[in-house]
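Enquirer: okay, here's the prediction I keep looking at, along with the sequence it came from:
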Amino acid sequence: MIKDTKNVILSQSSLSTLSIHADEHLSVTADVAPAISVSSTFKLPAQLGVNNYGSETHVYARESTPVRSRLETVLGAVHESGHAVTYASGLAASFALLLHLKPRRLVLAVGYHGTKAVVDLYRKKVAPIETVELMDCLREGDLVWLENPINPNGEIVDVRHYADRARAVGATIVVDATLAPPPLQQPFRQGANYIVHSSAKYLSGHSDVMGGIIVTRCCDAAKQLRIHRTVQGSFMGSLESWLLLRSLRTLDLRVRQQSRIATQLVAWLNCATRGRGYEGIPEGVIGRVRHASLQVLPKGYDLCDAFPNGFGAVFEVEFCVEAHAKVVPTLFQLTQNTTSFGGVHSSAEWRHAIDVCASPRTLRVSVGLESVEDLKRDWVRALNIAKFGEGYTQICIDATKCKL
Ligand SMILES: *Cc1c(COP(=O)(O)O)cnc(C)c1O
């Protein structure tokens, strides 16, 4: 009875409450914080049945562990009654989803080079699927794989538009929502059939855990994915599951705030585009800034429905000259020069070094939880050193002394 009342409360709860309480019923002790579940094998019950997901029965850690079940329960809940299946990485999740869906044709509209590499591997080693363009006519059995927002420029696509087209012919829509997890977007509402994430980014948010997830609203599909995962052995480890579960407790708070700070920083940097100077940003450095908040959106696109709580914390800066794009990430004091992103610390990368398709004049930036004023100072300093050399810091230090 008590449990039922609690279920009613949870069914009406907001994302922040679910991220803290959705897994509570899976706790078998009085502990408030979940255990890490280090056991690889579990004592068999007298009557061994099928290990139904959600039951308390665990047999072997390749199949399930208590902490992974708790994590998947929370991940499912924050995706509006989805069923979440966790993997060792985002690419492991993407590969598992391709194997599961076995598409006849594939429409791949992604920016992330790793997803393209997964598809190449699948085509070489599993099935030589045909790839078609987003604008082409869709057919039954097609798989449309979108990334929203797009890595690396943070711009958004109209998922509902493609989902409507896909539904009309019996095609399937996958949305890689790594750059904007809940509460920023809920792709099922836009018509997505599957959602994938690299949980190493904003879902975990502290740059200390690898992982990937697939979310579906179809219980049977989730069951199938779990059975295949047990065979493939591509599960998420217990420490990783525990760290990710811990991170999810603050997901709502972190992601909204990172998105808010990013949007402020983007607006400020945008004042210095087309070679103009602005509030300490030197002239002739920044050419253009790309982010969903600056994007001209398609007519009729319902932004408040698709992204009600912000667009995410990734944006792209295009410099006037390549040399600046290359050197600026090495000059920041707060913003870290890293290939991955999504942590509480801001980060930036000259993307061309990793992905030759990225323009050599661009920098991908992910905003953390530092104060926007501190980040602006970090940008002003880095951009001035890039343009004027180390002499700029000398001037800054002297100026500070004068003020004192
Ligand atoms: C990082 C990333 C991935 C890959 O995830 P891993 O966890 O690194 O395997 C997939 N899609 C997008 C959009 C990403 O940014």
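Expert: Alright, I've got the coordinates.

Enquirer: is residue 77 in contact with residue 19, as I believe?
Expert: Yes. With contacts counted by CB atoms under 8 Å, residue 77 reaches residue 19, the gap being 7.5 Å. Bear in mind the C-beta positions are built from the backbone N, C-alpha and C, glycine included.

Enquirer: okay, the closest residue to the ligand within the stretch 301-404 of the chain: pLDDT?
Expert: Closest residue of the stretch 301-404 of the chain to the ligand, CB to the nearest ligand atom: residue 340 (6.7 Å). Per-residue confidence (pLDDT) for residue 340: 94.

Enquirer: contacts only, for residue 306.
Expert: Residue 306 is in contact with 156, 158, 159, 160, 185, 190, counting by CB atoms under 8 Å, 6 or more residues apart in numbering.

Enquirer: looking at the second one now. What's its pLDDT?
Expert: Looking at residue 158, its pLDDT stands at 95.

Enquirer: from what I can see it touches residue 301, true?
Expert: Yes. Using CB under 8 Å, residue 158 is in contact with residue 301, at 5.4 Å.

Enquirer: end-to-end on stretch 85-93?
Expert: Start and end residues of stretch 85-93 are separated by 8 Å (CA to CA, to the nearest Å).

Enquirer: circling back to that earlier point, next step: the contacts of residue 306 restricted to helices.
Expert: Using DSSP state H, 159, 160 are the members of those that sit in helices.

Enquirer: may I see the contacts of residue 306 organised as CSV, with neighbour count and distance to residue 140 added?
Expert: Listed next are those as CSV, based on neighbours: other CB atoms under 10 Å; distance: CB to CB, whole Å:
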residue, neighbour count, distance to residue 140
156, 26, 27
158, 17, 22
159, 23, 20
160, 19, 20
185, 27, 27
190, 22, 21
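
Enquirer: pick the one among the contacts of residue 306 closest to residue 122.
Expert: Nearest to residue 122 among those, counting by CB to CB, is residue 159 at 22.8 Å.

Enquirer: now the closest one: closest residue in space, sequence neighbours ignored.
Expert: Leaving aside its sequence neighbours, residue 159 sits nearest to residue 190 (CB to CB, 6 or more residues apart in numbering; 3.9 Å).

Enquirer: for the one you found, list the residues it contacts.
Expert: Residues in contact with residue 190 (CB under 8 Å, 6+ apart) are 159, 160, 163, 175, 305, 306.

Enquirer: quick check: pLDDT value at it.
Expert: If you check residue 190, the pLDDT there is 96.

Enquirer: any idea how far it is from the ligand?
Expert: Remark: distance between residue 190 and the ligand (CB to the nearest ligand atom, to the nearest Å) = 17 Å.

Enquirer: and for residue 40?
Expert: Taking CB to the nearest ligand atom as the measure, residue 40 falls 23 Å from the ligand.

Enquirer: show me where pLDDT drops low in the stretch 51-200 of the chain?
Expert: Along the stretch 51-200 of the chain, the model assigns pLDDT under 70 to residues 51-56.

Enquirer: do you know how far the spatially most central residue of the chain is from the ligand?
Expert: In the chain, the residue lying closest to the centroid (CA atoms, centre = their mean) is residue 178, at 1.9 Å. Distance, residue 178 to the ligand, by CB to the nearest ligand atom: 4 Å.

Enquirer: need the residues of the stretch 201-350 of the chain near the ligand, please.
Expert: Taking CB under 6 Å from any ligand atom as the measure of proximity, the stretch 201-350 of the chain contacts the ligand at 201, 210, 212.

Enquirer: the second one and residue 329, how far apart?
Expert: Spelled out, that is residue 210. Distance of residue 210 to residue 329, given as CB to CB, to the nearest Å: 22 Å.

Enquirer: likewise the last one?
Expert: For residue 212, the distance to residue 329 (CB to CB) stands at 26 Å.

Enquirer: tell me which of these two has more neighbours.
Expert: Shown here are residue 212 and residue 329; by other CB atoms under 10 Å, residue 212 has more neighbours (27 against 21).

Enquirer: contacting residues around that one?
Expert: Applying CB under 8 Å, 6+ apart, one finds that residue 212 lies in contact with 86-94, 196-200, 236.

Enquirer: list buried residues within those.
Expert: Buried members of the contacts of residue 212, scored by 16 or more other CB atoms under 10 Å, are 86-94, 196-200, 236.

Enquirer: which single one of those is nearest to residue 42?
Expert: Proximity of the buried ones among the contacts of residue 212 to residue 42 (CB to CB) peaks at residue 236, which lies at 17.4 Å.

Enquirer: let's see the pLDDT reported for residue 358.
Expert: pLDDT at residue 358 comes out at 89.

Enquirer: of the contacts of residue 190, closest to residue 245?
Expert: Using CB to CB, residue 175 comes nearest to residue 245 of those, at 23.0 Å.

Enquirer: distance of residue 100 from residue 223?
Expert: Distance, residue 100 to residue 223, using CB to CB: 11 Å.

Enquirer: oh, I was asking about residue 92
Expert: Residue 92 sits 18 Å away from residue 223, taking CB to CB as the criterion.

Enquirer: kindly report the same for residue 378.
Expert: Distance from residue 378 to residue 223, counting by CB to CB: 48 Å.

Enquirer: which of those two has more neighbours?
Expert: Neighbour count, other CB under 10 Å: between residue 378 and residue 223, residue 378 has more, with 18 against 14.

Enquirer: looking at it, that one is touching residue 328, isn't it?
Expert: No. Taking contacts as CB under 8 Å, residue 378 lies outside contact range of residue 328: 10.4 Å.

Enquirer: which phi and psi does residue 17 have?
Expert: phi -70, psi -40 (degrees, to the nearest 10).

Enquirer: quick one, what contacts whatever residue of the chain ends up closest to the ligand?
Expert: The ligand sits closest to residue 90 of the chain, with a gap of 2.3 Å, by CB to the nearest ligand atom. Applying CB under 8 Å, 6+ apart, we find residue 90 in contact with 114, 176, 178, 196, 197, 198, 199, 200, 211, 212.
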